[in-house]
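Engineer: sequence unavailable; structure follows:
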């Protein structure tokens, strides 16, 4: 019997490129079809990034787009990765995601974060150095409101008197909460509060071994709350062999890498050698996932398959490869990719 289970999920930055030939409306529809296909294969959840002002990510309102996804699916769980609550009124965050949990019949996973892109802070006129204080104050308000409490607060950034929202989430006291982190210090505090941890290693560390100190710090803070989960996201491409995967994906990876503002510039060779990509034939990818599990004992893997706007048929092939080939190879090594059967 396989005891070590990893829940397979999918993650989209929703990076858009006009040279792809698709309009934005057409790309929204393509991703919806990818999610419908993933649900049929038994993937457990989908996560959609929130971004603003530029085409690096074209979902500025995850609650709106995920409502559309909820109407087209039945079982797969849905969530923002992440809801950037520093840019929003916390009352509206609590209302919108409570409504989304209701409309989706209790399928919401709620990941929240403070943001990291300079142009987004500039656009919203939010001082980036204040983001941690704003985040902590807003998070407390959101969770109390979603729990049905009447909230009065006289904080540094928010001041309310006897506020109570009129729609509560189906999941009680609120949907499962993930907090996105970039540093080990932040991971410790997330663990101490008992929240689930979310991390995108590509955006955070230089090589895969650097993930371990972050997850170890989280577990140190977590201590007795053994039900909390670690979710890690990896850019993924699977083909017949490593060479084929490199050749098939390099155009899309190159697009994605050079769309990222402020990021450390890395060559594709640097990325291939970093261990931060799940890339190769099924056996290569199974070996990479096994190493990640040995380092972190991760509970959930978010496969970032659609970067650089790959064609729908190519995305579907990769999703099938994970479900049918990679999962079988991992099971032989004592790890189950825990699809919905």
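Structural biologist: Arrived safely. Note that the structure is a prediction, hence the values are computed from the model and not measured.
Engineer: separation between residue 124 and residue 180?
Structural biologist: Distance of residue 124 to residue 180, given as C-beta to C-beta, to the nearest Å: 18 Å. In this view, the C-beta of every residue, glycine as well, is placed from N, C-alpha and C.
Engineer: meant to ask about residue 96, not that
Structural biologist: For residue 96, the distance to residue 180 - C-beta to C-beta - is 18 Å.
Engineer: between those two, which one's more packed in?
Structural biologist: Shown here are residue 96 and residue 180; by other C-beta atoms under 10 Å, residue 180 has more neighbours (24 against 20).
Engineer: touching, residue 159 and residue 152? I think so.
Structural biologist: No - here residue 159 lies out of contact with residue 152, judged by C-beta atoms under 8 Å, at a distance of 9.1 Å.
Engineer: okay, now the unreliable bits of the stretch 101-250 of the chain?
Structural biologist: Filtered on pLDDT under 70, the stretch 101-250 of the chain yields the residue ranges 224-226.
Engineer: which stretches of it form strands?
Structural biologist: For the stretch 101-250 of the chain, the strands defined by DSSP state E, counting those that start in this stretch cover 110-113, 151-154, 159-163, 177-180, 196-199, 230-238.
Engineer: chain neighbours aside, what residue packs nearest to residue 150?
Structural biologist: residue 164 (4.4 Å; C-beta to C-beta, 6 or more residues apart in numbering).
Engineer: what of residue 325?
Structural biologist: Nearest non-adjacent residue to residue 325 (C-beta to C-beta, 6+ apart): residue 282, at 3.7 Å.
Engineer: neighbours of that neighbour, how many?
Structural biologist: Residue 282: 20 neighbours (other C-beta under 10 Å).
Engineer: before we move on, the earlier item: residues touching the residue nearest to residue 150, list them.
Structural biologist: Contacts for residue 164 (C-beta atoms under 8 Å, 6 or more residues apart in numbering) come out as 145, 148, 149, 150, 151.
Engineer: quick check, nearest of those to residue 196?
Structural biologist: residue 145 (19.8 Å; C-beta to C-beta).
Engineer: is it true that that closest one touches residue 90?
Structural biologist: Yes - counting by C-beta under 8 Å, residue 90 is a contact partner of residue 145 at 7.4 Å.
Engineer: of these two, who's got more company?
Structural biologist: residue 90 (26 against 23).
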